[in-house]
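> sequence and predicted structure, then a few things I'm wondering about:
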Amino acid sequence: MTITHFTAQAFRNITRGELSPCSGVNVIFGENGQGKTNLLEGMWLFTGCRSFRCTDNRELIQHAPCPPLIEGGCPAGQGGGVQRTTSLAATFTSNAREQTASIDITRRRALTLNGFAQETPRRMLGVFPAVAFTPATLALAQGSPAERRRFLDVALSMLTPAYAVRLSKYLKALAQRNALLRHPKPDLDLLVTWDETLAHHAAQLTAARARYLQQLIPAAQEFYAGISAGREVLGIEIHCTGHDFTRSRQSDLRRQMTTVGPHRDDFILTLSRAQRSDGAAPQVLRDFGSQGQQRSAALALKLAEAAVLRDTTGETPVALLDDVLSELDARRQRDLLRYLDGWQVFLTCCEPSHTLHGSAGRVFCVTNGDITPQ
């Protein structure tokens, strides 16, 4: 998978920008707040997933200043400006052929793939594989269960588009059940129906996550062993709440929320010393790991995600590194770039001279949304 051309128009602070990257390391540098992350976010949208920064499409749209009026100010209801037409376009090589795609953004995202309009941006799942490394992903080891669930859901959606459809159905049914639980006089017959629907989808989601983790765990352990020079062993313990909604029904009615199911599951990262024979239990990384160990574990998870995606689909995903290297020490920076050797990489930073470490590639400067090749 290789991006050969990318354009953005009226996307966040980018009025009109384009770049033709190389197939190796592409460095996007500039001061904070200039639009570097916006570029990576725009590329990420072609995966078919939502933004890794927001859930509301309106946040992606650039607004032009209001035209001057006789009385001054903006027309009623326009607030900060006039909404522009926001569009993204990409030319890329995937599945052994050159392809084109465009996304127009209003309240919704409209996708065109190879000249044909698509019903949903999810059509890009599996077509445009990418893995995003962001400062938020470095918190996987110490963040909330919701962050780890999102990690699994995004990875599985790109690997198996049907998973994204199943997850959407589950979340819609979950919202309906929770609304019913909050009703002063819930219809118990209707609750039974929602329980059956949720249980069906939950069983499929849980099974898919379990199969994925069987692939992910050994890959993550291998990457972590390389990063830690074999001194420690990374463990991943799955915490599943089950999906017996009938058994939890009375408790859920009292609490007015659904307390079991994939939306409550988690996995816990642990560390143990390699070749330790004293029988000591592994330590929970979130509670006892150093910041360096936690970041190493998060990197191992993301690298494993990329490796599983590559090995399963036969396509090497694009690696999007948003201000990640500045969070890592020099050794971990070298490890990350070494593992991604031969991949197409886009990385943002403030100063490129401290980032490339001699790697060949292209460099782009971003200033106030303007993109300039160096």
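Okay, I see it.
> distance of R295 relative to R331?
Separation of R295 from R331 (Cβ to Cβ, to the nearest Å): 11 Å. Where you see a C-beta, it was placed from the backbone N, CA and C, and this is true even at glycine.
> please say which of these two ends up with more neighbours.
For R295 versus R331, the count of surrounding residues by other Cβ atoms under 10 Å is larger for R295: 23 against 12.
> which stretches of the stretch 151-300 of the chain form helices?
161-181, 188-227, 249-255, 285-288, 291-313 (DSSP state H, counting those that start in this stretch).
> neighbours of the closest residue to A220 other than its chain neighbours, just the number please.
Sequence neighbours aside, A304 is the residue nearest to A220 in space, at 3.9 Å (criterion: Cβ to Cβ, 6 or more residues apart in numbering). The number of residues packed near A304 is 23, by other Cβ under 10 Å.
> if I pick A304, what's in contact with it?
Residues in contact with A304 (Cβ atoms under 8 Å, 6 or more residues apart in numbering) are 216-217, 219-220, 222-223.
> the same query, at a cut-off of 6 Å, please.
Taking Cβ atoms under 6 Å, 6 or more residues apart in numbering as the criterion, A304 is in contact with 216, 219-220, 223.
> by neighbours, which of those residues wins?
A220 (26 neighbours).
> shouldn't that one be in contact with L301?
Yes - counting by Cβ atoms under 6 Å, A220 does reach L301; the two are 5.3 Å apart.
> tell me the confidence at the closest residue to Q374 other than its chain neighbours?
Excluding the flanking residues, the one nearest Q374 by Cβ to Cβ, 6+ apart is V363, at 4.2 Å. Looking at V363, its pLDDT is 93.
> give me the neighbour count for V363.
V363: 17 neighbours (other Cβ under 10 Å).
> mind listing what's buried along the helix or strand harbouring it?
Element membership for V363 (DSSP states H and E) is strand 361-367. For strand 361-367, burial by neighbour count (16 or more other Cβ atoms under 10 Å) applies to 361-366.
> what's stretch 187-205 in contact with?
Looking at what lies outside stretch 187-205 - Cβ under 6 Å, 6+ apart - the contacts are 166, 169-170, 173, 176-177, 180, 243, 245-246, 261-262.
> same question, stretch 153-164
Here stretch 153-164 has contacts from 49, 122, 125-126, 129, 167, 208, 212, 305, 309, 312, using Cβ under 6 Å, 6+ apart.
> having no further points to raise, I will conclude here.
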